[in-house]
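S.K.: Quick one, fold the following:
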Amino acid sequence: MKIPCIQCKGRYPKQACGRDFCPIVVRAETLVKSRQFKATDFSSVSPTVFVGRYGYPYVNVGVMAPQELTRPSDTLDNPSMWANEGYDIRELIEIRSSLINSRFKQNIRQFDNRFLELGQEIGMASKPVGVELKLKDKPKFRLNTAHIEAPHGPNAKLQQLELTSNPKVHTKVDKVVSDVDLKTADAIYYLFKSGFDENFLSKMLSIGNLGVKTQRRLVPTMWSITACDDTIAKNIMKKIKDYKELDTYTAFFGGYLGNYYLILCYPEVWSYELFETYAPGASWNKTNELAFTTDYEPYSGRKTYAENCAGGFYATRIGIVEHLAKLKRQASVLALRFITGEYAAPLGVWVVREATRKAMKAKPIVFASKELMHLYAEKLVKKKFNYDINNLLRNSVLLKNLKHQRKLSSFI
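M.R.: Next up, the predicted model:
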(Lines give C-alpha, C1' and ligand atoms only; values in the text may rest on other atoms or scores of the structure.)
Protein backbone atom coordinates (compact mmCIF):
# COMPACT_ATOMS: atom_id res chain seq x y z
CA MET A 1 0.00 0.00 0.00
CA LYS A 2 1.35 3.43 -0.95
CA ILE A 3 2.26 5.66 2.01
CA PRO A 4 1.54 9.42 1.77
CA CYS A 5 4.55 11.76 1.97
CA ILE A 6 3.31 13.34 5.23
CA GLN A 7 3.34 9.91 6.88
CA CYS A 8 6.56 8.64 5.27
CA LYS A 9 8.61 11.82 5.98
CA GLY A 10 11.46 10.36 3.93
CA ARG A 11 11.67 7.16 6.00
CA TYR A 12 10.26 4.64 3.50
CA PRO A 13 10.77 5.98 -0.05
CA LYS A 14 10.45 2.51 -1.62
CA GLN A 15 6.98 2.03 -0.13
CA ALA A 16 5.87 5.63 -0.51
CA CYS A 17 6.88 6.39 -4.10
CA GLY A 18 8.91 3.43 -5.37
CA ARG A 19 12.22 5.33 -5.28
CA ASP A 20 15.48 4.53 -3.52
CA PHE A 21 15.63 8.14 -2.32
CA CYS A 22 13.22 10.84 -1.15
CA PRO A 23 12.92 13.64 -3.74
CA ILE A 24 11.86 16.13 -1.04
CA VAL A 25 15.04 15.46 0.90
CA VAL A 26 17.17 15.73 -2.25
CA ARG A 27 15.53 19.06 -3.12
CA ALA A 28 17.04 20.63 0.02
CA GLU A 29 20.45 20.60 -1.70
CA THR A 30 19.28 23.46 -3.92
CA LEU A 31 19.07 25.76 -0.88
CA VAL A 32 22.84 25.89 -0.40
CA LYS A 33 25.71 26.63 -2.73
CA SER A 34 27.71 23.61 -3.83
CA ARG A 35 30.89 23.20 -1.77
CA GLN A 36 34.31 22.16 -2.92
CA PHE A 37 36.04 19.73 -0.58
CA LYS A 38 39.74 20.03 -1.37
CA ALA A 39 41.56 17.25 0.43
CA THR A 40 41.42 13.74 1.85
CA ASP A 41 43.31 14.67 5.01
CA PHE A 42 42.73 17.72 7.18
CA SER A 43 42.80 19.15 10.71
CA SER A 44 39.56 20.41 12.20
CA VAL A 45 37.22 20.16 15.19
CA SER A 46 34.46 17.61 15.69
CA PRO A 47 31.30 18.78 17.48
CA THR A 48 29.44 15.49 17.32
CA VAL A 49 29.21 11.92 16.10
CA PHE A 50 26.54 10.29 13.95
CA VAL A 51 25.30 6.70 14.02
CA GLY A 52 23.35 5.51 10.99
CA ARG A 53 20.57 2.92 10.95
CA TYR A 54 20.99 1.22 7.58
CA GLY A 55 22.45 -2.28 7.78
CA TYR A 56 21.57 -2.59 11.48
CA PRO A 57 23.14 -4.17 13.56
CA TYR A 58 26.21 -3.33 11.40
CA VAL A 59 25.94 0.43 11.16
CA ASN A 60 27.98 3.37 9.94
CA VAL A 61 29.50 5.47 12.72
CA GLY A 62 30.65 8.92 11.66
CA VAL A 63 32.86 11.62 13.13
CA MET A 64 31.44 14.96 11.98
CA ALA A 65 33.88 17.74 11.12
CA PRO A 66 34.22 20.61 8.61
CA GLN A 67 37.28 20.81 6.35
CA GLU A 68 37.39 24.57 6.89
CA LEU A 69 36.16 26.25 10.06
CA THR A 70 34.48 29.47 8.89
CA ARG A 71 32.26 29.96 11.96
CA PRO A 72 32.73 29.60 15.73
CA SER A 73 32.89 25.89 16.56
CA ASP A 74 30.05 26.16 19.08
CA THR A 75 27.60 26.95 16.25
CA LEU A 76 28.16 23.65 14.41
CA ASP A 77 25.86 21.45 16.52
CA ASN A 78 23.81 23.62 18.86
CA PRO A 79 20.01 23.60 18.36
CA SER A 80 19.33 25.63 21.53
CA MET A 81 21.63 28.41 20.31
CA TRP A 82 20.17 28.28 16.79
CA ALA A 83 16.65 28.76 18.15
CA ASN A 84 17.53 31.38 20.77
CA GLU A 85 19.48 33.47 18.26
CA GLY A 86 16.94 32.99 15.45
CA TYR A 87 19.10 31.30 12.81
CA ASP A 88 17.24 30.98 9.50
CA ILE A 89 17.01 27.96 7.21
CA ARG A 90 19.75 29.02 4.79
CA GLU A 91 22.16 29.74 7.65
CA LEU A 92 21.47 26.36 9.21
CA ILE A 93 21.93 24.46 5.96
CA GLU A 94 25.12 26.41 5.28
CA ILE A 95 26.49 25.43 8.70
CA ARG A 96 25.43 21.80 8.60
CA SER A 97 26.41 21.17 4.97
CA SER A 98 30.02 21.90 5.93
CA LEU A 99 30.15 18.84 8.21
CA ILE A 100 31.73 15.79 6.58
CA ASN A 101 30.47 12.51 8.01
CA SER A 102 33.77 10.57 8.16
CA ARG A 103 32.52 7.10 8.88
CA PHE A 104 33.40 3.47 9.52
CA LYS A 105 31.41 0.25 9.90
CA GLN A 106 30.74 -1.11 13.37
CA ASN A 107 28.65 -3.80 15.06
CA ILE A 108 26.37 -2.11 17.61
CA ARG A 109 27.45 -4.50 20.41
CA GLN A 110 31.21 -4.47 19.84
CA PHE A 111 33.47 -1.82 21.39
CA ASP A 112 36.89 -3.04 20.25
CA ASN A 113 37.55 -0.39 17.60
CA ARG A 114 39.95 2.51 18.16
CA PHE A 115 37.89 4.78 15.92
CA LEU A 116 34.88 4.04 18.14
CA GLU A 117 36.85 4.74 21.33
CA LEU A 118 37.80 8.15 19.97
CA GLY A 119 34.22 8.73 18.84
CA GLN A 120 33.01 7.99 22.35
CA GLU A 121 35.40 10.61 23.72
CA ILE A 122 34.00 13.15 21.25
CA GLY A 123 30.49 12.12 22.31
CA MET A 124 31.27 12.89 25.97
CA ALA A 125 32.88 16.27 25.37
CA SER A 126 31.20 19.53 26.37
CA LYS A 127 32.93 21.39 23.51
CA PRO A 128 34.05 20.43 19.98
CA VAL A 129 37.25 18.36 20.00
CA GLY A 130 40.32 18.97 17.83
CA VAL A 131 40.80 16.16 15.28
CA GLU A 132 43.02 15.10 12.41
CA LEU A 133 41.32 12.96 9.79
CA LYS A 134 42.36 11.10 6.67
CA LEU A 135 39.69 9.95 4.23
CA LYS A 136 39.83 7.28 1.55
CA ASP A 137 38.53 9.63 -1.16
CA LYS A 138 37.95 13.36 -1.56
CA PRO A 139 34.32 14.10 -0.54
CA LYS A 140 31.82 15.22 -3.17
CA PHE A 141 29.22 17.77 -2.17
CA ARG A 142 25.96 16.38 -0.88
CA LEU A 143 23.47 17.56 1.73
CA ASN A 144 21.98 14.74 3.81
CA THR A 145 18.68 15.69 5.46
CA ALA A 146 16.08 13.74 7.43
CA HIS A 147 12.94 14.37 9.47
CA ILE A 148 14.56 13.44 12.81
CA GLU A 149 18.28 14.24 12.58
CA ALA A 150 19.82 17.62 11.75
CA PRO A 151 21.30 17.81 8.21
CA HIS A 152 24.95 17.17 7.45
CA GLY A 153 27.31 17.23 4.49
CA PRO A 154 28.76 14.33 2.46
CA ASN A 155 29.63 10.88 3.72
CA ALA A 156 33.24 9.70 3.37
CA LYS A 157 35.16 6.59 4.39
CA LEU A 158 37.45 7.20 7.36
CA GLN A 159 41.02 5.88 7.14
CA GLN A 160 42.78 7.61 10.04
CA LEU A 161 41.62 9.56 13.08
CA GLU A 162 43.53 11.27 15.88
CA LEU A 163 42.43 13.71 18.57
CA THR A 164 44.54 16.86 18.73
CA SER A 165 42.99 18.31 21.88
CA ASN A 166 41.91 16.80 25.18
CA PRO A 167 38.11 16.40 25.31
CA LYS A 168 36.59 18.57 28.05
CA VAL A 169 34.31 16.22 29.98
CA HIS A 170 32.03 17.45 32.77
CA THR A 171 32.44 15.61 36.08
CA LYS A 172 28.76 14.55 36.07
CA VAL A 173 29.13 13.13 32.58
CA ASP A 174 32.25 11.23 33.62
CA LYS A 175 30.39 9.93 36.67
CA VAL A 176 27.50 8.58 34.58
CA VAL A 177 29.75 6.98 31.95
CA SER A 178 31.86 5.34 34.66
CA ASP A 179 28.81 3.96 36.50
CA VAL A 180 28.41 0.56 34.86
CA ASP A 181 25.30 -0.27 36.94
CA LEU A 182 23.27 2.85 36.13
CA LYS A 183 20.33 2.22 33.79
CA THR A 184 20.13 4.24 30.59
CA ALA A 185 16.83 5.99 31.45
CA ASP A 186 18.12 6.99 34.89
CA ALA A 187 21.36 8.31 33.38
CA ILE A 188 19.51 10.40 30.79
CA TYR A 189 17.20 12.01 33.33
CA TYR A 190 19.99 12.62 35.84
CA LEU A 191 22.01 14.50 33.24
CA PHE A 192 18.94 16.38 31.98
CA LYS A 193 18.22 17.61 35.51
CA SER A 194 21.88 18.62 35.72
CA GLY A 195 21.44 20.99 32.77
CA PHE A 196 22.48 18.91 29.75
CA ASP A 197 20.14 19.29 26.78
CA GLU A 198 18.52 16.68 24.55
CA ASN A 199 21.05 17.19 21.77
CA PHE A 200 23.96 16.31 24.04
CA LEU A 201 22.09 13.41 25.67
CA SER A 202 21.11 11.82 22.35
CA LYS A 203 24.77 11.98 21.30
CA MET A 204 25.78 10.23 24.54
CA LEU A 205 23.18 7.52 24.07
CA SER A 206 23.90 7.06 20.37
CA ILE A 207 27.64 6.43 20.75
CA GLY A 208 27.15 3.80 23.49
CA ASN A 209 28.25 5.80 26.54
CA LEU A 210 25.18 5.15 28.71
CA GLY A 211 23.57 2.23 30.51
CA VAL A 212 24.46 -0.95 32.35
CA LYS A 213 27.84 -2.12 31.06
CA THR A 214 26.64 -5.45 29.66
CA GLN A 215 23.74 -3.76 27.86
CA ARG A 216 25.55 -0.83 26.27
CA ARG A 217 25.34 -0.60 22.51
CA LEU A 218 25.36 1.88 19.67
CA VAL A 219 21.98 3.43 18.95
CA PRO A 220 21.22 5.00 15.56
CA THR A 221 21.04 8.77 16.01
CA MET A 222 17.50 8.86 14.64
CA TRP A 223 16.35 6.50 17.39
CA SER A 224 18.42 8.03 20.18
CA ILE A 225 16.86 11.47 19.65
CA THR A 226 13.33 10.15 20.09
CA ALA A 227 14.39 7.88 22.96
CA CYS A 228 15.78 10.87 24.89
CA ASP A 229 12.68 13.00 24.23
CA ASP A 230 10.47 10.13 25.39
CA THR A 231 12.53 9.28 28.47
CA ILE A 232 12.74 12.87 29.71
CA ALA A 233 9.05 13.59 29.12
CA LYS A 234 7.91 10.42 30.89
CA ASN A 235 9.89 11.37 33.98
CA ILE A 236 8.36 14.85 34.00
CA MET A 237 4.88 13.40 33.41
CA LYS A 238 5.17 11.30 36.56
CA LYS A 239 5.47 14.56 38.48
CA ILE A 240 2.71 16.53 36.79
CA LYS A 241 0.20 13.70 37.31
CA ASP A 242 0.50 14.42 41.04
CA TYR A 243 -0.37 18.10 40.54
CA LYS A 244 -3.83 19.67 40.50
CA GLU A 245 -5.56 20.26 37.20
CA LEU A 246 -5.14 23.60 35.46
CA ASP A 247 -8.01 25.84 36.60
CA THR A 248 -8.57 27.73 33.33
CA TYR A 249 -8.84 27.12 29.61
CA THR A 250 -5.53 28.41 28.28
CA ALA A 251 -4.06 28.84 24.79
CA PHE A 252 -0.49 29.47 23.62
CA PHE A 253 0.72 30.42 20.15
CA GLY A 254 4.20 30.75 18.67
CA GLY A 255 6.71 29.05 16.41
CA TYR A 256 10.02 28.92 14.56
CA LEU A 257 11.18 28.38 10.97
CA GLY A 258 7.70 28.06 9.50
CA ASN A 259 6.55 25.67 12.24
CA TYR A 260 3.73 27.29 14.23
CA TYR A 261 2.03 25.87 17.30
CA LEU A 262 -1.41 26.60 18.71
CA ILE A 263 -1.53 24.76 22.02
CA LEU A 264 -4.90 24.42 23.76
CA CYS A 265 -4.90 23.41 27.43
CA TYR A 266 -8.04 22.07 29.12
CA PRO A 267 -8.56 21.89 32.93
CA GLU A 268 -8.58 18.10 33.03
CA VAL A 269 -6.21 15.28 33.92
CA TRP A 270 -3.23 14.69 31.66
CA SER A 271 -3.79 13.58 28.09
CA TYR A 272 -2.18 14.78 24.90
CA GLU A 273 -2.92 14.87 21.21
CA LEU A 274 -0.91 16.29 18.33
CA PHE A 275 -2.17 17.31 14.92
CA GLU A 276 0.55 18.07 12.37
CA THR A 277 -0.91 20.06 9.50
CA TYR A 278 1.01 20.70 6.29
CA ALA A 279 0.15 23.65 4.08
CA PRO A 280 0.41 23.13 0.31
CA GLY A 281 4.09 23.45 -0.62
CA ALA A 282 5.37 22.74 2.88
CA SER A 283 7.93 19.96 3.27
CA TRP A 284 6.28 16.52 2.96
CA ASN A 285 3.07 17.91 1.39
CA LYS A 286 3.18 17.83 -2.40
CA THR A 287 -0.59 18.27 -2.83
CA ASN A 288 -2.60 21.46 -3.34
CA GLU A 289 -4.60 20.89 -0.17
CA LEU A 290 -3.79 21.17 3.52
CA ALA A 291 -3.08 17.70 4.92
CA PHE A 292 -2.68 16.44 8.48
CA THR A 293 -1.54 13.52 10.61
CA THR A 294 -2.42 12.91 14.26
CA ASP A 295 -1.53 10.78 17.28
CA TYR A 296 -3.05 10.64 20.78
CA GLU A 297 -1.90 9.69 24.26
CA PRO A 298 -4.32 8.99 27.16
CA TYR A 299 -3.58 9.50 30.86
CA SER A 300 -2.21 5.95 31.07
CA GLY A 301 0.26 6.59 28.23
CA ARG A 302 0.87 5.00 24.83
CA LYS A 303 1.81 1.37 24.36
CA THR A 304 2.95 1.78 20.74
CA TYR A 305 5.14 4.19 18.79
CA ALA A 306 3.37 7.30 17.44
CA GLU A 307 3.73 6.17 13.84
CA ASN A 308 1.78 8.99 12.18
CA CYS A 309 3.54 12.01 13.68
CA ALA A 310 6.70 10.00 14.48
CA GLY A 311 9.45 11.89 16.32
CA GLY A 312 7.46 15.12 16.20
CA PHE A 313 4.97 13.65 18.67
CA TYR A 314 7.66 13.19 21.33
CA ALA A 315 9.55 16.41 20.58
CA THR A 316 6.36 18.47 20.91
CA ARG A 317 5.34 16.74 24.13
CA ILE A 318 8.57 17.54 25.98
CA GLY A 319 8.11 21.31 25.61
CA ILE A 320 4.54 21.05 26.88
CA VAL A 321 5.24 18.95 29.97
CA GLU A 322 8.22 21.17 30.87
CA HIS A 323 5.89 24.15 31.05
CA LEU A 324 3.20 22.31 33.02
CA ALA A 325 5.86 21.21 35.51
CA LYS A 326 6.87 24.85 36.03
CA LEU A 327 3.21 25.73 36.68
CA LYS A 328 2.86 22.67 38.95
CA ARG A 329 -0.32 21.74 37.12
CA GLN A 330 -1.58 19.01 34.80
CA ALA A 331 -3.93 19.44 31.85
CA SER A 332 -5.31 17.80 28.76
CA VAL A 333 -3.39 19.34 25.88
CA LEU A 334 -4.35 19.58 22.22
CA ALA A 335 -1.33 20.70 20.19
CA LEU A 336 -1.91 21.92 16.64
CA ARG A 337 1.22 22.25 14.53
CA PHE A 338 0.97 24.26 11.30
CA ILE A 339 3.85 23.67 8.88
CA THR A 340 3.96 26.36 6.21
CA GLY A 341 5.85 26.84 2.97
CA GLU A 342 8.51 28.75 4.95
CA TYR A 343 9.77 25.35 6.12
CA ALA A 344 11.26 24.56 2.73
CA ALA A 345 13.50 21.67 3.81
CA PRO A 346 13.47 19.19 6.71
CA LEU A 347 16.02 20.24 9.33
CA GLY A 348 15.39 17.66 12.02
CA VAL A 349 13.05 17.21 14.93
CA TRP A 350 14.93 19.74 17.04
CA VAL A 351 12.95 22.41 15.15
CA VAL A 352 9.74 20.92 16.53
CA ARG A 353 11.08 20.88 20.08
CA GLU A 354 12.30 24.47 19.97
CA ALA A 355 9.18 25.77 18.18
CA THR A 356 7.03 24.23 20.91
CA ARG A 357 9.14 25.83 23.61
CA LYS A 358 8.85 29.22 21.92
CA ALA A 359 5.06 28.81 21.83
CA MET A 360 4.87 27.82 25.50
CA LYS A 361 6.99 30.85 26.48
CA ALA A 362 4.54 33.21 24.76
CA LYS A 363 1.99 35.10 26.83
CA PRO A 364 -0.86 32.70 27.69
CA ILE A 365 -4.41 33.63 26.69
CA VAL A 366 -6.99 32.60 29.30
CA PHE A 367 -10.66 31.85 28.59
CA ALA A 368 -13.73 31.35 30.75
CA SER A 369 -14.96 28.40 28.70
CA LYS A 370 -13.95 25.80 26.15
CA GLU A 371 -16.29 27.39 23.60
CA LEU A 372 -14.56 30.77 23.86
CA MET A 373 -11.13 29.14 23.49
CA HIS A 374 -12.29 27.25 20.40
CA LEU A 375 -13.73 30.46 18.93
CA TYR A 376 -10.37 32.18 19.42
CA ALA A 377 -8.58 29.22 17.84
CA GLU A 378 -10.96 29.21 14.89
CA LYS A 379 -10.42 32.92 14.16
CA LEU A 380 -6.63 32.76 14.65
CA VAL A 381 -6.14 29.78 12.35
CA LYS A 382 -8.45 31.21 9.70
CA LYS A 383 -6.57 34.52 9.75
CA LYS A 384 -3.03 33.12 9.76
CA PHE A 385 -3.41 29.93 7.71
CA ASN A 386 -6.77 30.35 5.94
CA TYR A 387 -7.94 27.04 7.33
CA ASP A 388 -11.09 25.89 9.13
CA ILE A 389 -9.87 24.46 12.42
CA ASN A 390 -13.13 22.56 12.87
CA ASN A 391 -11.79 20.01 10.38
CA LEU A 392 -9.22 19.12 13.04
CA LEU A 393 -11.45 19.45 16.11
CA ARG A 394 -13.99 17.05 14.60
CA ASN A 395 -11.25 14.41 14.31
CA SER A 396 -9.86 14.91 17.82
CA VAL A 397 -9.84 11.80 20.01
CA LEU A 398 -8.92 13.98 22.99
CA LEU A 399 -12.00 16.20 22.62
CA LYS A 400 -14.28 13.20 22.17
CA ASN A 401 -12.90 11.67 25.35
CA LEU A 402 -13.24 14.93 27.31
CA LYS A 403 -16.85 15.17 26.24
CA HIS A 404 -17.71 11.77 27.66
CA GLN A 405 -15.33 11.25 30.60
CA ARG A 406 -16.17 12.24 34.17
CA LYS A 407 -13.86 14.70 35.90
CA LEU A 408 -11.43 13.26 38.44
CA SER A 409 -13.00 15.41 41.15
CA SER A 410 -16.29 13.55 40.78
CA PHE A 411 -14.64 10.41 42.17
CA ILE A 412 -13.29 12.15 45.28
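S.K.: How is this structure divided into domains?
M.R.: Domain ranges of the chain: 38-240, 243-411, per automatic domain parsing.
S.K.: Present those domains as TSV; the columns should include mean neighbour count.
M.R.: No exception for glycine: its C-beta is placed from N, CA and C like everyone else's. As requested, the domains of the chain are exported to TSV (neighbours: other Cβ atoms under 10 Å):
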stretch	mean neighbour count
domain 38-240	19
domain 243-411	19
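S.K.: Reformat those as CSV; add mean pLDDT.
M.R.: Listed next are the domains of the chain as CSV, based on pLDDT from 0 to 100:
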stretch, mean pLDDT
domain 38-240, 96
domain 243-411, 92
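S.K.: Quick check: phi and psi on the closest residue to V219 other than its chain neighbours?
M.R.: Using Cβ to Cβ, 6 or more residues apart in numbering and skipping the chain neighbours, the partner closest in space to V219 is S206 (5.0 Å). The phi/psi pair for S206 (degrees, to the nearest 10) reads phi -60, psi -40.
S.K.: shouldn't S206 be in contact with M222?
M.R.: No - S206 is beyond contact range of M222, at 9.1 Å (criterion: Cβ atoms under 8 Å).
S.K.: which residues of the stretch 151-300 of the chain fall in strands?
M.R.: Taking DSSP state E, counting those that start in this stretch to define them, one finds strands in the stretch 151-300 of the chain at 155-163, 244-245, 249-256, 259-266, 271-278, 291-297.
S.K.: quick revisit: residue contacts, the residue nearest to V219?
M.R.: Taking Cβ atoms under 8 Å, 6 or more residues apart in numbering, we find S206 in contact with V49, F50, V51, G123, L218, V219, P220, T221, S224.
S.K.: Apply 6 Å and report the result again.
M.R.: S206 makes contact with V51, V219, T221, S224 under the criterion Cβ atoms under 6 Å, 6 or more residues apart in numbering.
S.K.: which residues touch the third one?
M.R.: Read that as T221. By Cβ under 6 Å, 6+ apart, the neighbours of T221 are F50, V51, E149, S206.
S.K.: 10 Å instead?
M.R.: Contacts for T221 (Cβ atoms under 10 Å, 6 or more residues apart in numbering) come out as 48-53, 59, 61-62, 146, 148-150, 202-203, 205-207, 348.
S.K.: who's D41 bridged to?
M.R.: Per DSSP bridges, the residues bridged to D41 are K134.
S.K.: My read is that it contacts E132, right?
M.R.: Yes - at 7.5 Å, D41 and E132 qualify as touching, with contact defined as Cβ atoms under 10 Å.
S.K.: Now M124. Nearest residue, chain neighbours left out?
M.R.: V169 (4.9 Å).
S.K.: tell me the phi and psi of the one you found?
M.R.: phi -110, psi 130.
S.K.: What are the neighbouring residues in contact with it?
M.R.: Per Cβ under 10 Å, 6+ apart, neighbours of V169: E121, M124, A125, S126, K127, K175, V177.
S.K.: which of these lies closest to A156?
M.R.: Nearest to A156 among these, counting by Cβ to Cβ, is E121 at 20.4 Å.
S.K.: How is that closest one assigned, secondary-structure-wise?
M.R.: Of the three states, E121 takes helix according to DSSP: H, G, I helix; E, B strand; the rest coil.
S.K.: which residues touch it?
M.R.: Counting by Cβ under 10 Å, 6+ apart, E121 has contacts S46, V49, V129, L163, N166, P167, V169, I207, N209.
S.K.: Surely the fourth one touches S46?
M.R.: Yes - with contacts defined as Cβ under 10 Å, L163 counts as touching S46 at a distance of 8.6 Å.
S.K.: Quickly list what's touching both of those two.
M.R.: What both L163 and S46 touch, as defined by Cβ under 10 Å, 6+ apart, is the set V63, L118, E121, I122, A125, V129, G130, V131.
S.K.: packing partners for the strand or helix carrying the first one?
M.R.: Assigned by DSSP states H and E, V63 belongs to strand 58-66. In this structure, strand 58-66 packs against strand 41-46, strand 48-51, helix 89-97, strand 99-107, helix 114-124, strand 129-135, strand 155-163, helix 221-240, with contacts taken as 3 or more Cβ pairs under 10 Å, 6 or more residues apart in numbering; DSSP states H and E.
S.K.: Between strand 41-46 and it, find me the angle.
M.R.: Strand 58-66 runs at 90 degrees relative to strand 41-46, counting by axes from the mean of the first three to the mean of the last three Cα atoms, to 10 degrees.
S.K.: helices or strands next to the helix or strand following strand 58-66 in the packing?
M.R.: Following strand 58-66 in sequence order, the next helix or strand is helix 79-84 (DSSP H and E). Counting contacts by 3+ Cβ pairs under 10 Å, 6+ apart, helix 79-84 is packed against helix 89-97, helix 198-206, helix 350-361.
S.K.: Nearest to S73, out of the ones you listed?
M.R.: Using Cβ to Cβ, the helices and strands packed on helix 79-84 put helix 89-97 closest to S73, at 10.9 Å.
S.K.: Next, work out how far apart K193 and A331 are.
M.R.: 23 Å (Cβ to Cβ, to the nearest Å).
S.K.: Point to the residue nearest the middle of this structure.
M.R.: In the chain, the residue lying closest to the centroid (Cα atoms, centre = their mean) is V349, at 2.9 Å.
S.K.: which residues does that residue contact?
M.R.: Contacts of V349 by Cβ under 10 Å, 6+ apart are 9, 79, 146-150, 198, 202, 222, 225-226, 229, 310-316.
S.K.: quick one on the thing from earlier: what touches both of D41 and E132?
M.R.: Q160.
S.K.: still on that earlier bit, could you redo the strands of the stretch 151-300 of the chain as a markdown table and give each row distance to L182?
M.R.: Shown next, in a markdown table, are these (distance: least, Cβ to Cβ, whole Å):
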| stretch | distance to L182 |
| --- | --- |
| strand 155-163 | 26 |
| strand 244-245 | 33 |
| strand 249-256 | 34 |
| strand 259-266 | 34 |
| strand 271-278 | 29 |
| strand 291-297 | 28 |
